[in-house]
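A.B. asks: below are the sequence and a predicted model; questions follow.
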Amino acid sequence: MGQVFSTIGSAFGGFFDAPIIQFGLRAIAAYIVIIWIATAYWAFRDMQTRSDNPILPYVAASLIILFTPVLFVFAALIYRLIRPHEKIGEATERSLAEEALLNEVDAVPHCPSCARRVGEQWLICPTCRTRLNRVCPNCNRLVGLDWSLCAWCGRDFERREPIGATVGATPAPYPVAAAAAASVAAATAVGPVEPPVITTVVEGATTRSRKSPRAAGPRSTRAASDPLPER
């Protein structure tokens, strides 16, 4: 029995001692070492694409190296479990897609009160009757409620008249001055006014005199020959 085992052992020893077998074993060992180093480098590069931290790639590569060429497969499995599930580029693309989606949602007009979709040319929301737009009184085009002037015709909504409407306009005459001018013109057209005639009776004689325009008034002139009344 012992001779059988010794024969088998010597046969296996002779098999592994063959130069071809030795070369094959060395090639396999070199291949395993190369895979081990390549796995460490892969973990280093993969962590660089998944994290902005400059230390984490070196930690991932050190994890693969510390497990030796015999157990580095288990280190690679552990790394795949604990690494970030999303790359930096994928996270950037996802954020850009979300932002684009939000911009598309914001671009669709909605009612500020009931948040329902409305048309761009609508003036009033048919659901809640909220005012959406208004019409420019100058060009009859739709303008926003928060616009201070019309973007098409330049009408300033904060003024009652459009810009430039009063340029070159002649102001209307003052009503009092116009009335005074009219009365003066009417008096001139009629002609000069004759002074009133005053008749004075002096002791049975009748005396007629014309009153000067400067003396016109409530007082009456007394003749120079009028004697003083007797006491």
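C.D. replies: Thanks, I have the structure now.
A.B. asks: tell me the secondary structure for Tyr79?
C.D. replies: helix (DSSP: H, G, I helix; E, B strand; the rest coil).
A.B. asks: quick one, what contacts the closest residue to it other than its chain neighbours?
C.D. replies: In this structure, Tyr79 finds its nearest non-sequential neighbour in Ala43, 5.3 Å apart by C-beta to C-beta, 6 or more residues apart in numbering. (Glycine included, C-beta is placed from N, CA and C.) Contact analysis of Ala43 by C-beta atoms under 8 Å, 6 or more residues apart in numbering lists Pro57, Ala60, Ala61, Leu63, Ile64, Ala76, Tyr79.
A.B. asks: which residue ranges of this protein form helices?
C.D. replies: 2-16, 19-50, 56-66, 68-82, 88-107, 175-190 (DSSP state H).
A.B. asks: tell me what the third one is packed against?
C.D. replies: Which is helix 56-66. helix 19-50, helix 68-82 (3 or more C-beta pairs under 8 Å, 6 or more residues apart in numbering; DSSP states H and E).
A.B. asks: identify whichever of those lies nearest to His110.
C.D. replies: helix 19-50 (38.3 Å; C-beta to C-beta).
A.B. asks: circling back: in CSV: the contacts of Ala43, plus distance to Arg129, pLDDT and neighbour count.
C.D. replies: Shown next, in CSV, are the contacts of Ala43 (distance: C-beta to C-beta, whole Å; pLDDT from 0 to 100; neighbours: other C-beta atoms under 10 Å):
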residue, distance to Arg129, pLDDT, neighbour count
Pro57, 61, 93, 19
Ala60, 62, 93, 24
Ala61, 67, 94, 21
Leu63, 66, 91, 17
Ile64, 68, 93, 25
Ala76, 65, 92, 20
Tyr79, 62, 93, 21
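A.B. asks: and the spatially closest residue to Arg155 that is not a sequence neighbour, what pLDDT?
C.D. replies: Nearest residue to Arg155, sequence neighbours excluded (C-beta to C-beta, 6+ apart): Asn138, at 4.1 Å. For Asn138, the model assigns a pLDDT of 88.
A.B. asks: how many neighbours does Asn138 have?
C.D. replies: Asn138 has 14 neighbours, counted by other C-beta atoms under 10 Å.
A.B. asks: tell me how far it lies from Ile28.
C.D. replies: Distance, Asn138 to Ile28, by C-beta to C-beta, to the nearest Å: 90 Å.
A.B. asks: number of residues surrounding Ala107?
C.D. replies: 7.
A.B. asks: quick one: residues contacting it.
C.D. replies: Ala107 makes contact with no residue, according to C-beta under 8 Å, 6+ apart.
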